[in-house]
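Student: Below are the sequence and a predicted model; questions follow.
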Amino acid sequence: MKYIKLFIIGAIACSIFCQCISNNKSPKYVFFIIGDGMGVNQVLGTQMYIAEKEGKIGRKELSFTSFPQTTIASTYSQYNAVTCSAASGTALACGEKTKNGAIGMDSLLSKPLFSVAQKLRQQGKNVGIVTSVSIDHATPAAFYAHQPHRSMYYDIALDAAKSDFDFFGGAGFLQLQKDTNSVNVLTILQDSNYFIAKGIEEYNRNHEKIVLLQDFEKESLDFAIDRENQDLSLSNLVSSALDFLTKEDNGFFLMIEGGLIDWACHSNDAATVFAEVEDLSNTMNEVLRFYHQHPDETLIILTADHETGGLSLGTGDYQLNLSVLQNQKKSAYKLNEMFNQMAKEKGENICWEDVKTFLEDNFGFWKNVELTKEETNELRNIFEKRFLLHQNTQQQTLYLNGEQLISQSVKILNKKANIGWSSYGHSAGFVPVFAIGLGAEKIQGIMDNTDFYQLLTEN
């Protein structure tokens, strides 16, 4: 009996010891997902918008909002309470605060900072970088580049070629050549053994390294609200990245950025913002399919680099009317293109009825969305300034120089949804954090954006 007891005690101790070892092991597969500009209210607003469309008041779960570990994180940079994407991307990637504008460099611009992706690459893991904007944009660049300013797109692209990362996916590159004497970025990438695939039809995993693009000089993928069936999506890029990174069983690190959330927030375009957050949730289904196949070896962390726009849900009368946003058929970006095309075709013959029909078709005004006399007069006055008095009515935001008729229509629809915005820029608001998988239990308490590097490199 004595020996049986000793055997049982020994077995229990061995089990506990083995479990401790198991609990301390590092994840083989790491996903780091960043919703650019996606504050707490961007997520909550999307949940409530989807619920309202189903006739309910409340929240509809997104693919990531039910993750077991949830908290918030601060985002300030070294010298600014409100960060830019370069400094926040660097903090997330490298674990150190830096000055606004810097990519993968310290706050004095005196030395490079090396990212979690670069560290894991040195340890033998495969590495992928995927974004819905250009590959040389600030957030993805922070994981592979070291430049004093985010606007140095050509030099950032050269750093991508030097990175030896396995997979890049995005819209394209913003600056293929620095000047007429410089070598084209695509040529340099090819010389570094990258295969350049334009679209899914050219994707083929039988290459050493790959860059998958929508177009060579396109700034972003299409917004989810604008996307046609044939258009490349973030989900397509993630699916291809997973296919490519798993062709060798080395484990991997995959950074995924939903970059267009930020662009829509900069334009205060709520309908497009919620569509982008929902699209990121749908993209996460690709990640979760992989996770459920490897639950004991995978870590998923989803957060944001900062909040954009100061989005508020409710403007004082204790209710929301988010479902009215369904009447906006396209993003402000696409609607500007469509409106300018109509104006070009109509020329001097354009009249208020043409504009009114356009707004009715694309915002539901007067047909599904009742406008006050004052709101109608606001729109008509802009029309007269633009087409009868030939005044400049363009409105500039960070990524969009657009027609005031479109921006005012978006404002009217936002107002009817009881949504408010405090600016067209970033805010210092907390951002959400969601995590699941091996090591996710370390996500605890209020975090800072520099904490993720330590967590990811410890695992």
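Tutor: Received the coordinates, thanks. Numbers count the residues shown, from 1 in each chain.
Student: and the gap between the nearest residue in space to Ala81 that is not next to it in sequence and Thr83?
Tutor: Nearest residue to Ala81 in three dimensions, chain neighbours excluded: Ala428, at 5.1 Å (C-beta to C-beta, 6 or more residues apart in numbering). Glycine gets a C-beta too; all of them are placed from N, C-alpha and C. Using C-beta to C-beta, to the nearest Å, Ala428 is found at 8 Å from Thr83.
Student: now for the longest helix anywhere in the chain, which elements pack on it?
Tutor: Ranked by residue count, the top helix of the chain under DSSP state H comes out as helix 270-293. Helices and strands touching helix 270-293, by 3 or more C-beta pairs under 8 Å, 6 or more residues apart in numbering; DSSP states H and E, are strand 29-35, helix 40-53, helix 234-245, strand 252-258, helix 260-266, strand 298-303, helix 404-416.
Student: any chance of these in CSV, with distance to Ile382 and mean neighbour count too?
Tutor: Below are those laid out as CSV (distance: least, C-beta to C-beta, whole Å; neighbours: other C-beta atoms under 10 Å):
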stretch, distance to Ile382, mean neighbour count
strand 29-35, 33, 25
helix 40-53, 27, 21
helix 234-245, 34, 22
strand 252-258, 32, 27
helix 260-266, 21, 29
strand 298-303, 39, 25
helix 404-416, 5, 21
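Student: would you say Pro432 is within a strand?
Tutor: Yes: if the criterion is DSSP: H, G, I helix; E, B strand; the rest coil, then Pro432 is within a strand.
Student: Next up, the contacts around it.
Tutor: Met38, Gly39, Val40, Val43, Thr70, Thr71, Ile72, Ala73, Thr303, Ala304 (C-beta atoms under 8 Å, 6 or more residues apart in numbering).
Student: Buried by neighbour count, from these: which ones?
Tutor: Using 16 or more other C-beta atoms under 10 Å as the burial test, the contacts of Pro432 include Met38, Gly39, Val40, Val43, Ala73, Thr303, Ala304 as buried.
Student: quick one on the thing from earlier: which one of the contacts of Pro432 is nearest to Gly101?
Tutor: Taking C-beta to C-beta as the measure, Gly101 lies nearest Ala304 of the contacts of Pro432, at 19.0 Å.
Student: Phi, psi for the nearest residue to Glu248 once chain neighbours are set aside please.
Tutor: Excluding its sequence neighbours, the residue lying closest to Glu248 (C-beta to C-beta, 6+ apart) is Asn126, at 6.7 Å. Here is the backbone geometry of Asn126 (degrees, to the nearest 10): phi -70, psi 150.
Student: Please name the bridge partners of Asn126.
Tutor: Asn126 has these beta-bridge partners by DSSP bridges: Phe252.
Student: Any idea how many residues pack against it?
Tutor: Per other C-beta atoms under 10 Å, the neighbour tally for Asn126 reads 23.
Student: CA atoms only for the helix or strand hosting Tyr333 - export them in CSV, please.
Tutor: Assigned by DSSP states H and E, Tyr333 belongs to helix 332-346. Output in CSV follows, covering the C-alpha atoms of helix 332-346 (Å, rounded to 0.1, in the frame of the first residue of the first chain):
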residue,chain,number,x,y,z
ALA,A,332,-16.7,58.4,-49.2
TYR,A,333,-13.7,57.7,-51.4
LYS,A,334,-15.6,55.8,-54.0
LEU,A,335,-18.6,58.2,-53.9
ASN,A,336,-16.2,61.0,-54.7
GLU,A,337,-15.0,59.1,-57.7
MET,A,338,-18.5,58.4,-58.9
PHE,A,339,-19.7,62.0,-58.3
ASN,A,340,-16.7,63.5,-60.2
GLN,A,341,-17.4,61.1,-63.1
MET,A,342,-21.0,62.1,-63.2
ALA,A,343,-20.1,65.8,-63.1
LYS,A,344,-17.6,65.3,-65.9
GLU,A,345,-20.2,63.6,-68.1
LYS,A,346,-22.8,66.2,-67.4
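Student: average pLDDT across that helix?
Tutor: Helix 332-346 carries an average pLDDT of 96.
Student: so what does the helix or strand just after it touch, helix or strand wise?
Tutor: Remark: after helix 332-346, the chain's next helix or strand is helix 352-363, criterion DSSP H and E. The contact analysis (3+ C-beta pairs under 8 Å, 6+ apart) places helix 352-363 against helix 332-346, helix 373-383, helix 404-416.
Student: Show me which of the contacts of Pro432 is closest to Glu217.
Tutor: Met38 (26.5 Å).
Student: mind listing what's buried in stretch 449-457?
Tutor: Asn449, Thr450, Asp451, Phe452, Tyr453, Leu455, Leu456.
Student: Mind listing what's buried along stretch 220-232?
Tutor: Ser220, Leu221, Asp222, Phe223, Ala224, Ile225, Asp226, Arg227, Leu232.
Student: State the helix or strand in which the last one lies.
Tutor: If you go by DSSP H and E, Leu232 is not part of any helix or strand.
Student: isn't it right up against Gly199?
Tutor: Yes: contact criterion C-beta atoms under 8 Å: Leu232 and Gly199 qualify, at 6.0 Å.
Student: residues shared between the contacts of those two?
Tutor: Gln214.
Student: returning to that earlier point: and the buried residues of stretch 220-232, which two are furthest apart?
Tutor: Within the buried residues of stretch 220-232, Ile225 and Leu232 form the most distant pair, 15.5 Å apart (C-beta to C-beta).
Student: can you put the helices and strands packed on helix 352-363 in TSV and add distance to Gly439?
Tutor: As requested, the helices and strands packed on helix 352-363 are exported to TSV (distance: least, C-beta to C-beta, whole Å):
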stretch	distance to Gly439
helix 332-346	38
helix 373-383	52
helix 404-416	40
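Student: Kindly export the longest helix of the chain (C-alpha atoms) in CSV.
Tutor: Output of helix 270-293 as CSV, limited to C-alpha atoms (Å, rounded to 0.1, in the frame of the first residue of the first chain):
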residue,chain,number,x,y,z
ALA,A,270,-18.9,55.7,-40.0
ALA,A,271,-20.6,53.4,-42.5
THR,A,272,-17.2,52.6,-44.0
VAL,A,273,-15.5,52.2,-40.6
PHE,A,274,-18.0,49.7,-39.4
ALA,A,275,-17.8,47.7,-42.7
GLU,A,276,-14.0,47.6,-42.3
VAL,A,277,-14.1,46.4,-38.7
GLU,A,278,-16.6,43.7,-39.7
ASP,A,279,-14.2,42.8,-42.6
LEU,A,280,-11.4,42.4,-40.1
SER,A,281,-13.6,40.1,-38.1
ASN,A,282,-14.3,38.1,-41.2
THR,A,283,-10.6,37.9,-42.0
MET,A,284,-10.1,36.6,-38.5
ASN,A,285,-12.1,33.6,-39.4
GLU,A,286,-9.2,32.5,-41.6
VAL,A,287,-6.9,32.8,-38.6
LEU,A,288,-9.3,31.0,-36.3
ARG,A,289,-9.6,28.1,-38.7
PHE,A,290,-5.9,27.7,-38.3
TYR,A,291,-6.0,28.1,-34.6
HIS,A,292,-8.6,25.4,-34.1
GLN,A,293,-6.3,23.0,-35.9
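Student: Right, I'll leave it there.
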